[in-house]
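Visitor: Sequence and predicted structure below; questions after.
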Amino acid sequence: YARNPDYQPVASGTPSLTAGPKVAYFDRVEWHIITDPATASAALQNGEIDWSEQPPPEIQQLFRRNRQITVEPIDRLKNPSILRFNHLIPPFNDKKMRQALLPAVNQEDYMTAIVGPDPQLWSQMGVFTPDTPLATDAGMEALAGPRSLAKAKQLLKEAGYTNQLIRLIGPTDILAPAAMTQVAGDMLRRLDVNLDFVLTDWGSVVQRRASRESLEKGGWSIFLTAFASFEMADPAGNSPLRGHGNAAWFGWPSIPKLEELRDAWFEAPDMDMQKKLAREIQLTVLDEVPYIPVGAYTSMTSFRRNLTNRVPGFALFWNMRRA
């Protein structure tokens, strides 16, 4: 990325994720895709690179022992994560099939797979980002109550599951989705479903999840992914929350009530009404199950200590300079 010499930042304000001056102190930024964590770790420790965006927990521990490296949360808030269904094809075009998986999902399993055993690094989550104004406990017994694989098996049987194929797709080369996909694969195996577990690179997952074909023609049933905190802080940015059918985000749920509640949220006159609607939205999500929230985690990032003034949020380069 080359600095634009014609860009003029605003003259005042505090640099942030969405506002304030965006000052480029480097003439050029090189973004390297290093899929092997050990290789990326060695490069950062040797000063061959300046920043490792999302090292895995075991590498973070190594970096913490290096006085030349800073390890800190990339964002002040946690990253929401979801298990997403394909609503167009069996078996998860049936609401009861989607509901059946709720008792089997243990958010702790998904989150510790990403961040390790420290409970401070993850939070239980409903529809909206934890520690934001619209986060609510409405209906959370569906996600935070006692977990039961036996109950999930029973609900699958009652919904009419008779060994239909379920295809789980996920990556091997990007930390959070890879870890969550492995947990989902283990969960589905313990539910004794007819599982086709397909692991590829993230680029291939992104391409494949756009397919609306049947499973016989290469389609998919489930994938897992995470979002930046601000994307799921309210209905405006929460893409998986949409329920407008073929125009919706990957998975394409058709849930008119969600659309009505979202429209009402935009028209709400004050925060009290927005919070009330947020509760209704969450209850609707946990009934219709366009996706299952699997928790929110603190994404840790690591960079050379001589880099200063990093703007929290994700990998942003403005305002950062070398001390």
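Guide: Received it, and whenever you're ready, just let me know what you need.
Visitor: Run a quick neighbour tally on D50.
Guide: For D50, the neighbour count with other C-beta atoms under 10 Å is 16. All C-beta atoms are positioned from the backbone trio N, CA, C, and that covers glycine.
Visitor: Looks like it contacts F303 (just checking).
Guide: Yes - at 6.0 Å, D50 and F303 qualify as touching, with contact defined as C-beta atoms under 8 Å.
Visitor: So which residues of the stretch 101-250 of the chain form strands?
Guide: 122-123, 165-171, 194-200, 222-226 (DSSP state E, counting those that start in this stretch).
Visitor: Which neighbouring elements make contact with the shortest one?
Guide: Contact partners of strand 122-123 among helices and strands, from 3 or more C-beta pairs under 8 Å, 6 or more residues apart in numbering; DSSP states H and E: helix 107-115, strand 291-297.
Visitor: Adjacent strands (with direction) for the helix or strand just after the shortest one?
Guide: Per DSSP states H and E, the first helix or strand lying C-terminal to strand 291-297 is strand 300-304. Applying DSSP bridges to the sheet, strand 300-304 is found paired with strand 51-52 (antiparallel), strand 69-73 (antiparallel).
Visitor: And for strand 300-304, what's in contact with it?
Guide: 44, 47, 50-55, 57, 59-60, 63, 68-74, 115, 121, 310, 315 (C-beta atoms under 8 Å, 6 or more residues apart in numbering).
Visitor: so what does the helix or strand that that strand is followed by touch, helix or strand wise?
Guide: Next along the chain after strand 300-304, taking DSSP H and E as the criterion, comes strand 307-308. Identification of packing neighbours for strand 307-308 by 3+ C-beta pairs under 8 Å, 6+ apart yields strand 321-322.
Visitor: Identify all contacting residues around the longest helix along the chain.
Guide: Ranked by residue count and defined by DSSP state H, the top helix of the chain is helix 271-288. For helix 271-288, contacts defined as C-beta under 8 Å, 6+ apart pick out 95, 98-99, 102, 126-128, 133-136, 138-139, 142-143, 234-235, 241, 243, 253, 255, 257-258, 261-262, 264-265, 268, 291.
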